[in-house]
Every structure is written in structure tokens, then in C-alpha cells.
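Asks: Got a predicted structure here, sequence first:
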Amino acid sequence: MQIDNSNCIVMDYNFLKINTEGGICTLTISAPKSLNALNSAILKELGDFVDHINKDIRVLIITGDGEKSFVAGADISEMANLNAAEGETFGRLGAQVFRKIETLDIPVIAAVNGFALGGGCELAMACDIRICSDNAKFGQPEVGLGIIPGFSGTYRLAKLVGMGYAKEMIYTGKAIRADEALRIGLVNAVYPKEELMTAAMTMAQKMCAMAPIAVKYAKQCINAEYDLDADAAIAFENKMFGQCFATKDQKEGMNAFLNKRQAEFRNE
Ligand code: CO8
């Protein structure tokens, strides 16, 4: 255990650097010798981090260590000699950790600072929002290694960019540049690399100023409704909309508006 700079107790990790400031946690994946490739030790640390995330954190930003790479994929040296059962187990570990990230109660921003290949692209896609530096490259090169995107990439890429482009990326294994990722909607914005983290913080600060329970419910609605039919989705949203009125923050937000003052949300 260690204390970070906002007095939060955090677990001591070998491959994760954690910095928390004003409710915004920046998680940096750090295995620079392999361009932050994800081995099972890193995946377990990521899962543990998400399981124990401090309740005061309002937004999580995930990035990669160094100038060159967000995450260059799953660790090929660890996968090279796996048999079918072991491959399935390794894939399940990554998929479960990414699903935990996707279903966290707070917004997660991927600040993609370079290569986001294979499992790296899949990690970014498990986040709510992706922004990237102008040197970023995205791709699913797995079929060139004799495997498929196994950390839920076949599922999420098609959802994000449409089936046609997802199939082209996955069948060809081609990497695309930041401007192309922006064009197809894989990222929300591209920044010069020295401005990326400031842009991520600015976006996170805007989210932090909002009512946290409302942000959480909005995330739950958007995630759940995507896989529901229209009637079920609208009914789910209606239920969650009603729940907002059971919060003190709804009273505070509307009272502040009516009295022309800044709302002070308490996550209640
Ligand atoms: N795994 C392990 N090591 C890696 C990886 C990786 N994914 N990527 C880079 N490295 C290592 C390199 O081996 C090299 O190590 P060393 O210095 O010991 O030789 C070091 O990082 C630096 O890499 P390069 O010298 O290659 O750097 P370059 O700038 O020349 O190239 C690239 C950078 C283009 C990123 C290149 O390293 C590359 O192509 N890497 C592999 C990218 C890739 O194929 N990623 C997909 C991996 S498969 C995957 O993610 C599957 C996810 C689903 C798993 C399902 C489980 C069953």
C-alpha cells in the first residue's frame, strides 16, 4: 500500500503508476521495455486496481508510459506457446478486466499516446471515450499472428466503427493513423502529443463538475441500452430518470439553476 498525492490509499503495483488529483485519477500502464504490452501480471494488476478504486475518484484516465506507445498489444512472448485451453484462459482474463473497466461507475477516458495495437486497441475501446495524440496508431494485427482479437475486439470494434470497417481492419490487420481513427469515429479528438494529457484533464474536469450520480446513471443507460430493443431501452432510461429524483444532487442542481448560482454536488 502507498499514499498518493491526494492522500488516497492505493495498492502498490509493479506495472501501474497512479496519480490522483481533485477526483481525477490518471492510471499509466508502465512496461516500457515491451511498449507496455499486456502480460497476465499487468492484467491482474489492472483488475485489482479497478476492484479497489477509491470511491472519491470521479473520472479515470488511462494512458501508457513513454512517448511512443499506449499499449502495443497483449504480450506475444507470453502467448507464443499456449495451448487452446490456456489461450482461452488468457483471453478470458483480458476480457474480464476490460469489462470491469467498461462497467466502472465513473467515466473512463483513454488518452492514447502512441501505439494502440491488438489488446491496446481493445483496452482503449473498453473505455468510455478515446482521445489520442497525433502520433497514435490503432490496429488489430492479430490475424497476422494466427489469432483473433481476443480481448473483445471483434465485439467492440464493430460497435464503434461499424461492421464493414471493423472487418477490414481485422481481416487485413492494417494499422490506421490518428486522423483516420478520428474520421471513422474510433477517437473523439486528436491533439499534438504534448497537449494530450492536458486535453484529457480538461475533459475530466468538466465531467467532475457534474452531478456524479447522474453521470453514473447516464453511463449505465448508454451501456445497457445499446444491447436492448427500443422499448426495453426506453423503459430502462425512464426508470433511471425517475431514480435521479431520489438524489439530493438533483434537488441541488435544479435549486442552483433557479437561484442563478453554481451547484455544489455531493454525490448524494
Ligand atoms: N508483445 C511483446 N513484446 C512486444 C510487443 C508485444 N505485443 N510489442 C512490442 N514488443 C517489444 C518488442 O519485442 C521489442 O522488444 P525487444 O527490444 O526486446 O526486441 C520492444 O517491445 C520494442 O519493440 P520494437 O523494437 O518492435 O519497436 P518498433 O518501434 O520497431 O515497433 C511496433 C513497434 C510496431 C509496435 C512493434 O513492436 C510491433 O509490431 N509490436 C507487436 C504489435 C502487435 O502485433 N500487437 C498485437 C499483439 S496480439 C494481441 O494483442 C492479442 C490480444 C488478444 C489476446 C487474446 C488472448 C488469447
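Replies: That came through, no problem.
Asks: quick one: contacts for whichever residue of the stretch 151-268 of the chain sits closest to the ligand?
Replies: Nearest to the ligand in the stretch 151-268 of the chain, going by C-beta to the nearest ligand atom, is residue 151, at a distance of 4.5 Å. All C-beta spots, glycine's among them, are computed from the backbone N, C-alpha and C. Residue 151 makes contacts with 74, 91, 94-95, 98, 118-119, 122-123, as judged by C-beta atoms under 8 Å, 6 or more residues apart in numbering.
Asks: Kindly confirm my reading that residue 63 is in a helix.
Replies: No. Read with DSSP: H, G, I helix; E, B strand; the rest coil, residue 63 is strand and lies in no helix.
Asks: sec struct for the closest residue to it other than its chain neighbours, please.
Replies: Sequence neighbours aside, residue 111 is the residue nearest to residue 63 in space, at 4.2 Å (criterion: C-beta to C-beta, 6 or more residues apart in numbering). Under the three-state scheme (three-state DSSP), residue 111 adopts strand.
Asks: in this protein, which spans are strands?
Replies: Assigned by DSSP state E, the strands in the chain fall at 2-3, 9-10, 16-21, 24-29, 59-64, 69-71, 108-112, 115-117, 129-133, 137-139, 175-177, 189-191.
Asks: could you redo the ones you listed as TSV and give each row distance to residue 255, mean pLDDT and mean neighbour count?
Replies: Listed next are the strands of the chain as TSV, based on distance: least, C-beta to C-beta, whole Å; pLDDT from 0 to 100; neighbours: other C-beta atoms under 10 Å:
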stretch	distance to residue 255	mean pLDDT	mean neighbour count
strand 2-3	36	48	10
strand 9-10	35	51	15
strand 16-21	29	96	17
strand 24-29	26	98	22
strand 59-64	25	98	25
strand 69-71	42	98	29
strand 108-112	30	98	28
strand 115-117	43	98	27
strand 129-133	30	98	24
strand 137-139	44	98	24
strand 175-177	47	98	18
strand 189-191	34	98	18
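Asks: Identify the residues contacting stretch 211-218?
Replies: With C-beta under 8 Å, 6+ apart as the test, stretch 211-218 has contacts from 58, 105-107, 207, 240, 243-244, 247, 249-250, 252-253, 263, 265, 267-268.
Asks: same thing with stretch 166-186?
Replies: Taking C-beta under 8 Å, 6+ apart as the criterion, the residues outside stretch 166-186 that touch it are 117, 125, 130, 132-144, 148-149, 153-154, 157-158, 160-162, 165, 187-190.
Asks: buried sites along that stretch?
Replies: Residues 166, 169-170, 175-178, 180-182, 184, 186 are the ones in stretch 166-186 that count as buried (16 or more other C-beta atoms under 10 Å).
Asks: can you list the domains in the chain?
Replies: Each structural domain of the chain that the record assigns through automatic domain parsing is listed here as a residue range: 2-208, 212-258.
Asks: Among these, show me which one is buried the most.
Replies: Most buried of the domains of the chain, by mean neighbour count (mean count of other C-beta atoms under 10 Å): domain 2-208, with a mean of 19.
Asks: Now render the contacts of residue 151 as TSV, adding pLDDT.
Replies: Listed next are those as TSV, based on pLDDT from 0 to 100:
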residue	pLDDT
74	98
91	97
94	98
95	98
98	98
118	98
119	98
122	98
123	98
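Asks: just these now: which is nearest the ligand?
Replies: When the contacts of residue 151 are compared against the ligand (criterion: C-beta to the nearest ligand atom), the nearest one is residue 118, at 2.3 Å.
Asks: Now that closest one. Nearest residue, chain neighbours left out?
Replies: Leaving out its chain neighbours, the residue that sits closest to residue 118 by C-beta to C-beta, 6+ apart is residue 73, at 3.2 Å.
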